[in-house]
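Asks: structure here, sequence nowhere to be found:
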């Protein structure tokens, strides 16, 4: 029997399989409110499964932390009702759902922040883009967060966790990866601070740890998780010694009793995914320090997912693109059924096309590829 389809405990919850829906930015919330609408309810409800876990798309905790038009929010009480409909749909099918808490930091534009200057750990060169009413545009110049306002950022995450609980989620995942605000503090390519939030890894990880502790005042640690992307270069990120940085993060998180640690695996072996000339950091490395539940993500198929779980480097595996195109992905993997191909052109923004119109197995003639 496939180990992917054996039970696993995540915090206080027991799941009947280990195929997780990854957080996937789809930019289909109602505008200009950022409230999840009926289309999002249908989308998540389609992908829920008995005894399975869904992690929501990245969800902004502050109006000034928006970087992608159409991404949903949890920064206002008005968002609670929309998300409650989503969690109700997931729970009705026997699934569980965590909300991913997010602040984009420097990857923002003033058209999305209400005119507020984007913030980061430090002012460092960055030539990324944000998605606005005018499409993809260069990000606005950012400023370094003053140390005195950092507690306010932490409070935004805590309030987001509070609203997530009111919306019926089963826990929260703090987004600490992919080059967004927390990652901008974690990695020394973007963090040039000389105060207590800069310098050695224990200082650069301070913001992440403070946010996790704050979320745990709402949920308790067993329903709080975090996602990291060691050594990623996405969104202009870099670190001089990713192993040192993320080994420290894993060690610091280990005693807390988190629901899980979500690790984005490197897809390219070598310096392209890490510091110059340094090997990449993956779940296998961090398992040495973090003995709790690990979710691995990053281009997995059924075979590689089975392998990493059997090896013990991860306990569950998050699937992204295949979950977009296959609402019944766990069933297809379990039975070895062919997969629907995904359409990249419909990933970000739009309507039901490429969102809720992917068929379940048996409803389509275009399923052509084995998982």
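Replies: Yep, it's here. Treat the numbers as computed from the prediction; the structure is a model and nothing was measured. Numbers count the residues shown, from 1 in each chain.

Asks: quick one: the nearest residue to residue 68 once chain neighbours are set aside from residue 66, how far?
Replies: Spatial nearest neighbour of residue 68, chain neighbours left out: residue 131 (4.5 Å); criterion: Cβ to Cβ, 6 or more residues apart in numbering. Bear in mind the C-beta positions are built from the backbone N, C-alpha and C, glycine included. Using Cβ to Cβ, to the nearest Å, residue 131 is found at 10 Å from residue 66.

Asks: pick out whichever of the two has more residues nearby.
Replies: residue 66 (28 against 22; other Cβ atoms under 10 Å).

Asks: what residues are up against that one?
Replies: Going by Cβ atoms under 8 Å, 6 or more residues apart in numbering, residue 66 touches 34, 60, 73, 104, 108, 112, 113.

Asks: number of nearby residues for the second one?
Replies: Residue crowding around residue 60 was assessed by other Cβ under 10 Å; the count is 27.

Asks: touching, it and residue 71? I think so.
Replies: Yes. The pair residue 60 / residue 71 is scored as a contact, 6.2 Å apart, by Cβ atoms under 8 Å.

Asks: okay, and the common contacts of those two?
Replies: 34, 102.

Asks: endpoints of stretch 44-55, how far apart?
Replies: Chord length of stretch 44-55, first to last residue, is 10 Å (Cα to Cα, to the nearest Å).

Asks: run through who's touching that stretch.
Replies: Under Cβ under 8 Å, 6+ apart, the answer for stretch 44-55 is 7, 10, 14-17, 19-23, 56, 86, 89-98, 100, 173, 262, 316, 318, 323, 327-331, 356, 360.

Asks: now the strands for this protein?
Replies: Secondary structure of the chain (DSSP state E): strands at 8-10, 13-15, 19-21, 53-60, 96-102, 119-120, 129-132, 135-138, 143-144, 171-175, 224-228, 260-264, 294-297, 316-319.

Asks: reformat those strands into JSON lines and put distance to residue 205 next to each item.
Replies: JSON lines is the format used below for those (distance: least, Cβ to Cβ, whole Å):
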{"stretch": "strand 8-10", "distance to residue 205": "23"}
{"stretch": "strand 13-15", "distance to residue 205": "27"}
{"stretch": "strand 19-21", "distance to residue 205": "24"}
{"stretch": "strand 53-60", "distance to residue 205": "20"}
{"stretch": "strand 96-102", "distance to residue 205": "17"}
{"stretch": "strand 119-120", "distance to residue 205": "16"}
{"stretch": "strand 129-132", "distance to residue 205": "26"}
{"stretch": "strand 135-138", "distance to residue 205": "29"}
{"stretch": "strand 143-144", "distance to residue 205": "18"}
{"stretch": "strand 171-175", "distance to residue 205": "12"}
{"stretch": "strand 224-228", "distance to residue 205": "10"}
{"stretch": "strand 260-264", "distance to residue 205": "13"}
{"stretch": "strand 294-297", "distance to residue 205": "18"}
{"stretch": "strand 316-319", "distance to residue 205": "22"}
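
Asks: closest to residue 82 out of those strands?
Replies: Across the strands of the chain, residue 82 has its closest neighbour in strand 53-60 (10.8 Å, Cβ to Cβ).

Asks: quick one: contacts of stretch 105-113?
Replies: 63-69, 116-121, 126, 128, 130, 132-134, 137-140, 142, 179-182, 184, 190, 235.

Asks: kindly check the end-to-end length of it for me.
Replies: For stretch 105-113, the end-to-end distance is 11 Å (Cα to Cα).

Asks: just the buried residues of it, please?
Replies: 105, 106, 107, 108, 109, 110, 111, 112, 113 (16 or more other Cβ atoms under 10 Å).
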